[in-house]
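**Student:** Let me see the structure of the following:
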Amino acid sequence: MWWNIVKNTKQSSRQLVNLDWDEEAISIEDEDCLKWLVEYHNIILKYEDLVTHRIQGPTINKISNELACLIKQKFQQGGPDGDIDYKGDITGSISFELTPSKVGTGWFDIFISIVKDRFGPVEYLMNSGLTRTWARCEPEMEIGIIKGNTKEILAFVGRFVGGRNLWMRRMCKFLKELINHVNNPNLEDYCIDALSKQWYYWFTKLEINGSPVMLEKDLEQLKEIIETEYWI
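**Tutor:** Have a look, this model is predicted:
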């Protein structure tokens, strides 16, 4: 089923989304790690449409360059998930996690959160990231609408195969830009693998004439489509 759809898909010109961003980006003159941290936040702001909640930016005058360098180093190491303990009263965590849906709900969780909480109420010095369950993303919501409609299912799969799923194009653009900024190319394979498994999960929810659109053996070809049509 899946391979037949791939073979019969006509390649169409790719359409990119051009959006104007009303959110004002932060700009500072500081060099090195603090500047890097602000640039990270500005990337998050640019893709804020991928989530629904507001993002609180960094309180730059309360974050030292030393702390910013610690965060940067954490991202550039093998796995950038973990806690940060800085001079006792400032703690935080960073995450770069894409968890595909299986039986329960999966999510993507990419953030930097820094708090000062030892003396008095918790004060967020930075809370900047994109966090969302896959169930609230456009592809899953669209799948819920087109189920049982063969014509719409074929069109949905065809757009994906031809590299014309706009949500996926934007998601990959965001991930590539952020990976390039944090300078950890090892995250590329991780992201492609996670996105492949998530789209596999989505496609297994669709059937045509009682047969699933995708089988487990199609997963490698799905990954190849993501690499050649989206991760470019």
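**Student:** just the helices in the protein please.
**Tutor:** For the chain, the helices defined by DSSP state H occupy 2-8, 32-46, 65-76, 138-146, 150-161, 166-182, 186-203, 219-225.
**Student:** quick one, which of these is nearest to residue 125?
**Tutor:** Closest approach to residue 125 among these (Cβ to Cβ): helix 65-76, 8.5 Å. In short, each C-beta sits where N, CA and C put it, glycine included.
**Student:** which parts of the closest one are buried?
**Tutor:** Buried residues in helix 65-76, counting neighbours by 16 or more other Cβ atoms under 10 Å, are found at 67-68, 70-72, 74-75.
**Student:** gap between it and the chain center?
**Tutor:** The chain centroid and the centroid of helix 65-76 are separated by 21 Å, computed with Cα atoms, centre = their mean, to the nearest Å.
**Student:** which other residues reach that helix?
**Tutor:** Under the criterion Cβ atoms under 8 Å, 6 or more residues apart in numbering, residues 30, 32-34, 36-37, 80, 82, 84, 86, 90, 92, 94, 96, 112, 114, 182-184 lie in contact with helix 65-76.
**Student:** try 7 Å this time
**Tutor:** 30, 32-34, 36-37, 80, 82, 84, 86, 90, 94, 112, 182-184 (Cβ atoms under 7 Å, 6 or more residues apart in numbering).
**Student:** Export the helices of the chain to CSV and append columns for mean pLDDT and distance to residue 107.
**Tutor:** As requested, the helices of the chain are exported to CSV (pLDDT from 0 to 100; distance: least, Cβ to Cβ, whole Å):
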stretch, mean pLDDT, distance to residue 107
helix 2-8, 61, 26
helix 32-46, 89, 16
helix 65-76, 86, 19
helix 138-146, 93, 12
helix 150-161, 95, 21
helix 166-182, 94, 13
helix 186-203, 93, 10
helix 219-225, 93, 20
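**Student:** quick one: which of the ones you listed is nearest residue 126?
**Tutor:** Among the helices of the chain, the nearest to residue 126 by Cβ to Cβ is helix 32-46 (7.5 Å).
**Student:** by contact count, what packs against that closest one?
**Tutor:** helix 65-76, strand 123-133, helix 166-182 (3 or more Cβ pairs under 7 Å, 6 or more residues apart in numbering; DSSP states H and E).
**Student:** Can I get the ones you listed in JSON lines including distance to residue 140?
**Tutor:** Compiled in JSON lines, the helices and strands packed on helix 32-46 are given as follows (distance: least, Cβ to Cβ, whole Å):
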{"stretch": "helix 65-76", "distance to residue 140": "28"}
{"stretch": "strand 123-133", "distance to residue 140": "9"}
{"stretch": "helix 166-182", "distance to residue 140": "10"}
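**Student:** Of these, which is nearest residue 49?
**Tutor:** Using Cβ to Cβ, the nearest of the helices and strands packed on helix 32-46 to residue 49 is helix 166-182, at 7.8 Å.
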